[in-house]
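A.B. asks: Build me a model from this:
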Amino acid sequence: MGKNEFLTPKAIANRIKAKGLQKLRWYCQMCQKQCRDENGFKCHCMSEGHQRQMQVFGMNPERFVGGYSEEFEKTFMEHIRRSHRFSRVAATVAYNEYIADRHHVHMNSTKWLTLTEFVKHLGREGLCKVEDTPKGWFISYIDREPETLFKEGQKKKRERAELVGEERHEKEIQEQIERARSKQPEPDESEEKTVDPEKMALQRDPNAGEKIAFAFGGLGGGGASGSGAQKAGGAPKAGGSSKVEIKAGAAAPMFGEEEDDGDGDGAGGRAPGGKKAKRGGDTGEEAGSRLGAGSAGGAGGAGAGGTLATLMQEQEKAKERANRKDYWLTEGIVVKIMSKALKEKGYYKQKGVVVRVIDRYVGEIKTLDESHVVRVDQQELESVLPQIGGVVRIVNGAYRGCLAKLVGVDTERFCAKVEIQRGAYDGRVIPRIDYEDICKVHVK
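C.D. replies: Okay, here's the model as predicted:
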């Protein structure tokens, strides 16, 4: 058996010593040999085999360094894609996981001297999203796989189709409303043709000191009405129709005259004959003109206005039910971090921009000074309002996803007034919308 055979104690001891990860600076990439100490590495560099490899390297050094750099970048990105595809990880942590394989391509054989230079290279090339924080460099993998890009394209296509369908539906509703309005006659013109003001005027003898009585079908109190009629003119009215009587003094507020507090007798507190007669005549003319105008306005606007208002209310309720969700986070809005668990780290009540939404309910928030990125649940976030005239995004409710301009704020009711600026609802004013349903849009 030879001196250094496989099962000799010396060979076994050497394997035990070489087990695990050794010092990277004592590794020769050209010879792919790992030395255990500085003396061993020095002896290896003086060996004949290493000298021959260095002669080959000296013929074309750029080719070897470029090849090792390309292989190092490829294997490192493969490790990031498999281990941290959807997460943000520290660069040192990812590098330590990568070099755990003792047969990896070492960084001392590449064109990057430090890990920081390599991380900056990944950011410049757009392979990873790179962030420099007080805790070190952090990287996030940018997925550019054809399958992922295809899925994102299909998702955006569906969203555009849904938006176009919703706009088309709203346009059809507006056209239906316009057609309904065009079919309804104008209230003033229709009433002028059908109602004669002379027939609606009250006819009364100005010299008679009687009460003014109006008959309405379906109202109770027939006995009281009959007694009032007997006092006013003598004989009681026959029949079962009920009446509501109004004294001359009590009718004054309805026709714009002052109220007359009389003696309370059956005649309603008479004044001298001439004054009483003049007042009675004026009251009859005003009553006739006002009744004519009131019936003209009421008959024309009852049918058209009620139907259109009901239709629009039903559409608003349908949009509210369809777009009201239990999640509201979206990219590009400014929020306030209200998590007390992050108070010790200085993030409590700090404002930031939502740069990414994870599973609808979790957002990655970048602080406004762009120094930190934290991941917070929407339960621990609060919407932010801009100044009057600023741009907001409606994040929940009937007009979810629309951009609008903040017109006013009602601090007592905790709501705001906004005007939509784009899309199918451009120019529409929402008089009252809750604070939590709108949020400030980040402007770079």
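
A.B. asks: Under the pLDDT cut-off, which ranges of the stretch 51-200 of the chain? List them.
C.D. replies: 145, 148-149, 185-200 (pLDDT under 70).

A.B. asks: for the stretch 301-444 of the chain, same thing?
C.D. replies: For the stretch 301-444 of the chain, applying pLDDT under 70 flags the ranges 301-305.

A.B. asks: All the strands of it, residue numbers only.
C.D. replies: Here the stretch 301-444 of the chain has its strands, by DSSP state E, counting those that start in this stretch, at 334-337, 351-358, 362-367, 373-377, 381-383, 391-394, 403-410, 415-420, 429-434, 438-440.

A.B. asks: Specify the stretch among those strands that is closest to R36.
C.D. replies: Relative to R36, the nearest member of those by C-beta to C-beta is strand 373-377, separated by 41.4 Å. Glycine gets a C-beta too; all of them are placed from N, C-alpha and C.

A.B. asks: which helices and strands sit right next to that closest one?
C.D. replies: For strand 373-377, the contact count by 3 or more C-beta pairs under 8 Å, 6 or more residues apart in numbering; DSSP states H and E identifies strand 351-358, strand 362-367 as packing neighbours.

A.B. asks: among these, which is the most enclosed?
C.D. replies: With neighbours defined as mean count of other C-beta atoms under 10 Å, the helices and strands packed on strand 373-377 peak in mean count at strand 362-367, which reaches a mean of 20.

A.B. asks: ranges for the helices of the stretch 51-200 of the chain?
C.D. replies: Taking DSSP state H, counting those that start in this stretch as the criterion, the stretch 51-200 of the chain carries its helices at 61-83, 91-98, 115-125, 146-183, 187-194, 197-200.

A.B. asks: What residues of the fourth one count as buried?
C.D. replies: Same thing as helix 146-183. With burial defined by 16 or more other C-beta atoms under 10 Å, the residues of helix 146-183 counted as buried are 166, 170.

A.B. asks: which residues sit in contact with C43?
C.D. replies: Neighbour list for C43: empty [criterion: C-beta atoms under 8 Å, 6 or more residues apart in numbering].

A.B. asks: Go ahead and name everything in contact with stretch 49-65.
C.D. replies: Here stretch 49-65 has contacts from 28, 30-31, 44, 109-111, using C-beta under 8 Å, 6+ apart.

A.B. asks: out of the residues you listed, which are buried?
C.D. replies: Buried members of the contacts of stretch 49-65, counted by 16+ other C-beta under 10 Å: 28, 31, 44, 109-110.

A.B. asks: Tabulate the residues you listed (CSV), appending distance to A309.
C.D. replies: Listed next are the buried ones among the contacts of stretch 49-65 as CSV, based on distance: C-beta to C-beta, whole Å:
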residue, distance to A309
C28, 85
C31, 87
H44, 91
S109, 77
T110, 72
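
A.B. asks: Farthest pair within those?
C.D. replies: Using C-beta to C-beta, the two most remote members of the buried ones among the contacts of stretch 49-65 are H44 and T110, lying 20.4 Å apart.

A.B. asks: ok, back up a step: can you tell me which of the contacts of stretch 49-65 is nearest A94?
C.D. replies: Nearest to A94 among those, with distances taken as C-beta to C-beta, is T110, at 16.0 Å.

A.B. asks: ok, now how distant is that closest one from R82?
C.D. replies: From T110 across to R82, the span is 21 Å (C-beta to C-beta, to the nearest Å).

A.B. asks: and the buried ones among the contacts of stretch 49-65, which of them are in strands?
C.D. replies: Among those, the residues falling in strands (DSSP state E) are C28.

A.B. asks: just curious, which of the buried ones among the contacts of stretch 49-65 is nearest to S87?
C.D. replies: The closest of the buried ones among the contacts of stretch 49-65 to S87 turns out to be T110 (C-beta to C-beta; 25.3 Å).

A.B. asks: what residues are up against that closest one?
C.D. replies: By C-beta under 8 Å, 6+ apart, the residues touching T110 are 65, 68-69, 72, 118.

A.B. asks: Looking at those residues, spot the one nearest A90.
C.D. replies: Comparing every one of those with A90 (C-beta to C-beta), the shortest separation belongs to F118, at 13.8 Å.

A.B. asks: these two touch, right, the closest one and M107?
C.D. replies: Yes - the pair F118 and M107 passes the contact test of C-beta atoms under 8 Å, sitting 7.0 Å apart.

A.B. asks: between the two, what contacts are shared?
C.D. replies: Shared contacts of F118 and M107 (C-beta under 8 Å, 6+ apart): none.

A.B. asks: No further questions, thank you.
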